[in-house]
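*Asks:* sequence and predicted structure are below.
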Amino acid sequence: MREGLSFILLSAKILRMSCSKLLSLIAIIATAASAETRWIHIHSPNFEVYSSASEGSTRETLRYFEQVRGFFLEATGRSVSRPVPIYIIAFGSEKEYLPFRPNEFATAFYHGGAERDYIVLSHSSAETFPVATHEYVHLVVQHAGLNFPPWLNEGIAELYSTLKPQGDKVIVGNLIAGRVQALYSEKWVPLAAILSAGHDSPYYNEKNKAGSLYNEGWALVHMLALNQEYRSKFNSLLNAIANGSPSDMALEQTYGKPLASIEKDLQAYLRGDRFNGAVIRAKLTSEKTPLPADIAPPFDIKLALAELAQPGKQSDTEARLKELTRDNPQRAEPWAGLAYLAWSRGRMEDTEQNFAKAYLLGARSQRLLWDYGRLASREHPQEAVNAFSELLNQQPERTDVRMELAAVQLSLNHPADALASLAPIKKTTPQDAPRLFTLFAYAQLGMGQRDQAANSVARVAQYAATPADRDRADQLKKYLEQPNPPSLTPLSATEGGRPRLVRRTAAGFEEEEPPTPSLSAAGVFVELVCDGQRATIVLETDQQRKRFLIQDPTRIKLIAVDGAGVQDFQCGQQKPAKIKVEYRLAEGGQNLDGLVTAIYFQP
């Protein structure tokens, strides 16, 4: 999906706008902040701030985020064993911020770079803090290893977005007017549907339904965290859900009442004459803590601004990153950025080469080690072993890394190493079990441990959920039944082809669909048909008129060719303009020729 709550809320607002204003969101990214802009750098234990605002407001921003972090971790009883620095980019003016904003409403947003998490502020003031805090809470949840379902992930981020530090206390729970109004005016969705909605649910992805998840999720978290009857067991509920309990079961077991009763309590809470808030004493960063400001290194600013470039400007981003590699040949970050950029464009050979250069220069982020290891598994298995081993030093609890490492070690015919990698795994999920016990069986057979291998094969059969799992179990059983079996063929290092690129968002990581070849049509742009929430380009071509739907204007590239101007969009008949439309095919039954991905304005 998604870029966190701010994207969902902004999308809802976008849908209520006129088509003309909707399409005005499409903009070509301007050049980066001018060389005359003065950037400063201030850091604390958990944040790096690069700011073109004043030193005073930048320090205020930094202290605010340290306070939010400390309060949130204390309130939830969680800790981050290996703190991951968050990079805050605070612009000093709206003019500087405009080229980077994802849409015309966002005063702050999250951006996941190749190696860094960024929180971007349009200016360094309290006005931007609620949206930025929402995105930051997502990151704290992610870094703390909390596996929350969407309703809780978004609800808890909304609740804590209202934090207001005051001295050594924090006020939390102020009402969010838009949410309250929507809850009063819109149809109630049964709580069971909200609780069970996953990342692929319409209540999380479809614009006309997602509001219910965010509104009811916020209201439920507000009641559970702050209501006198519920708040004492809120942390117990978080632990139960984080440990894998389904939300409805966790609620019923934690509070000792059926879900229907909890839902009635929530509706009564909403109908009441007050919402609870809380004033909580918290261990906050001292105002006396020195936070010296330095002139920001030019490399860091250039890297950040390159990574913040919006979709549709990949060529500009690539040029900026390549310039950084030439000017700073010992820095790994630009090579990591180039690797992910090449991956998003389907250039796999360049991806692996750029990952290798970044790794050689010292890149060791958890995301890069995971991605580099998986990509290198087939052609460069020893490099994959090195990457996965480094990652396990940082995250020894990760079962998925241990399985990938063991698979590579088995492909190298190192069964003892594979067993050592798998041995610390004490628990597994039904989804992981077939592969895990297959790896155990191969490693044990490679070590001549036939009895142990037979037990592992029995577990493969026990957990087999797919025909491939059952076939693997049958093959291993037949192998074990032979009195003098031949040497076992090493297990392949990877399954299912190349790994997919994973896009990082504030709420976690999402797989991206592999890039598909673009289709194109050239002609004269003659009409923009606006129908409620839809806008369709009508193109007069040599053969016939074609119709192309604009699904999301914020994701469309606008390119001016050879000095041609980019035409303003207005509903209805257009001043004829020569354009080329790049598109992908629409699903059947939509009476369309395609879905727009880019528009080229031609002279």
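*Replies:* That came in fine, so what should we check first?
*Asks:* list the buried ones in stretch 257-271?
*Replies:* Within stretch 257-271, the residues that qualify as buried are 259, 262, 263, 265, 266, 269, 270, counting by 16 or more other CB atoms under 10 Å. (Glycine included, C-beta is placed from N, CA and C.)
*Asks:* ignore the last one, stretch 361-373
*Replies:* Quick answer for stretch 361-373 (16+ other CB under 10 Å): 361, 363, 365, 366, 367, 368, 369, 370, 371, 372, 373.
*Asks:* contact partners for the last one?
*Replies:* Which is residue 373. By CB atoms under 8 Å, 6 or more residues apart in numbering, residue 373 lies in contact with 383, 384, 387, 388, 391, 401, 404, 405, 408.
*Asks:* then the third one?
*Replies:* Contact criterion CB under 8 Å, 6+ apart gives 115, 336 as the residues in contact with residue 365.
*Asks:* just the pLDDT for it.
*Replies:* With respect to pLDDT, residue 365 scores 88.
*Asks:* any low-confidence regions in the stretch 351-500 of the chain?
*Replies:* The stretch 351-500 of the chain contains residues with pLDDT under 70 at 487-500.
*Asks:* distance between the ends of stretch 327-335?
*Replies:* Stretch 327-335 stretches 12 Å from its first residue to its last (CA to CA, to the nearest Å).
*Asks:* for the record, mean pLDDT for that stretch?
*Replies:* Mean predicted confidence for stretch 327-335 is 95.
*Asks:* check stretch 68-86 too.
*Replies:* 68.
*Asks:* how long is that stretch end to end?
*Replies:* Span of stretch 68-86 from end to end, CA to CA: 13 Å.
*Asks:* quick one, strands of the stretch 151-300 of the chain?
*Replies:* 164-166, 169-172, 278-281, 294-295 (DSSP state E, counting those that start in this stretch).
*Asks:* mean pLDDT lowest where, among these?
*Replies:* Among the strands of the stretch 151-300 of the chain, strand 278-281 scores lowest, at a mean of 62.
*Asks:* quick check: domain ranges of the chain?
*Replies:* 5-16+39-281, 388-493, 519-601 (automatic domain parsing).
*Asks:* ok, which of these comes nearest residue 313?
*Replies:* domain 519-601 (7.9 Å; CB to CB).
*Asks:* ends of the closest one, how far apart?
*Replies:* 16 Å.
*Asks:* right, and the helix or strand after the longest helix seen in the chain?
*Replies:* In the chain, taking DSSP state H as the definition, the longest helix is helix 55-76. Next along the chain after helix 55-76, taking DSSP states H and E as the criterion, comes strand 86-90.
*Asks:* direction included, what does that following strand pair against?
*Replies:* Partner strands for strand 86-90, per DSSP bridges, with pairing direction: strand 47-51 (parallel), strand 117-121 (parallel).
*Asks:* could you dump the helix or strand that comes right after it to PDB, C-alpha only?
*Replies:* For strand 86-90, the following helix or strand on the C-terminal side (DSSP H and E) is helix 94-97. Output in PDB follows, covering the C-alpha atoms of helix 94-97 (Å, rounded to 0.1, in the frame of the first residue of the first chain):
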ATOM      1  CA  GLU A  94       7.900  26.600   2.200                       C
ATOM      2  CA  LYS A  95       9.800  27.500  -1.000                       C
ATOM      3  CA  GLU A  96      12.700  25.100  -0.100                       C
ATOM      4  CA  TYR A  97      10.200  22.400   0.700                       C
END
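*Asks:* distance from the chain centre to helix 94-97, please.
*Replies:* 25 Å (CA atoms, centre = their mean, to the nearest Å).
*Asks:* what is that helix packed up against?
*Replies:* Applying 3 or more CB pairs under 8 Å, 6 or more residues apart in numbering; DSSP states H and E, we find helix 94-97 packed against no helix or strand.
*Asks:* run through who's touching that helix.
*Replies:* In contact with helix 94-97 (CB under 8 Å, 6+ apart) are residues 33, 37, 52, 91, 120, 122, 123.
*Asks:* leaving out the residues flanking it, which one is nearest to the fourth one?
*Replies:* For residue 91, the nearest residue in space outside its immediate sequence neighbours is residue 97; the separation is 4.1 Å by CB to CB, 6 or more residues apart in numbering.
*Asks:* I'd guessed residue 52 sits against residue 37; true?
*Replies:* Yes: using CB atoms under 8 Å as the test, residue 52 is close enough to residue 37 to be in contact (5.0 Å).
*Asks:* and these two? Which one has more around it.
*Replies:* Per other CB atoms under 10 Å, whichever of residue 52 and residue 37 has more neighbours is residue 52, with 21 against 14.
*Asks:* could I get the buried residues of stretch 361-373 as JSON lines with secondary structure and distance to residue 102?
*Replies:* What follows is these, written out as JSON lines (DSSP: H, G, I helix; E, B strand; the rest coil; distance: CB to CB, whole Å):
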{"residue": "361", "secondary structure": "coil", "distance to residue 102": "30"}
{"residue": "363", "secondary structure": "coil", "distance to residue 102": "26"}
{"residue": "365", "secondary structure": "coil", "distance to residue 102": "23"}
{"residue": "366", "secondary structure": "helix", "distance to residue 102": "25"}
{"residue": "367", "secondary structure": "helix", "distance to residue 102": "21"}
{"residue": "368", "secondary structure": "helix", "distance to residue 102": "24"}
{"residue": "369", "secondary structure": "helix", "distance to residue 102": "28"}
{"residue": "370", "secondary structure": "helix", "distance to residue 102": "26"}
{"residue": "371", "secondary structure": "helix", "distance to residue 102": "24"}
{"residue": "372", "secondary structure": "helix", "distance to residue 102": "28"}
{"residue": "373", "secondary structure": "helix", "distance to residue 102": "31"}
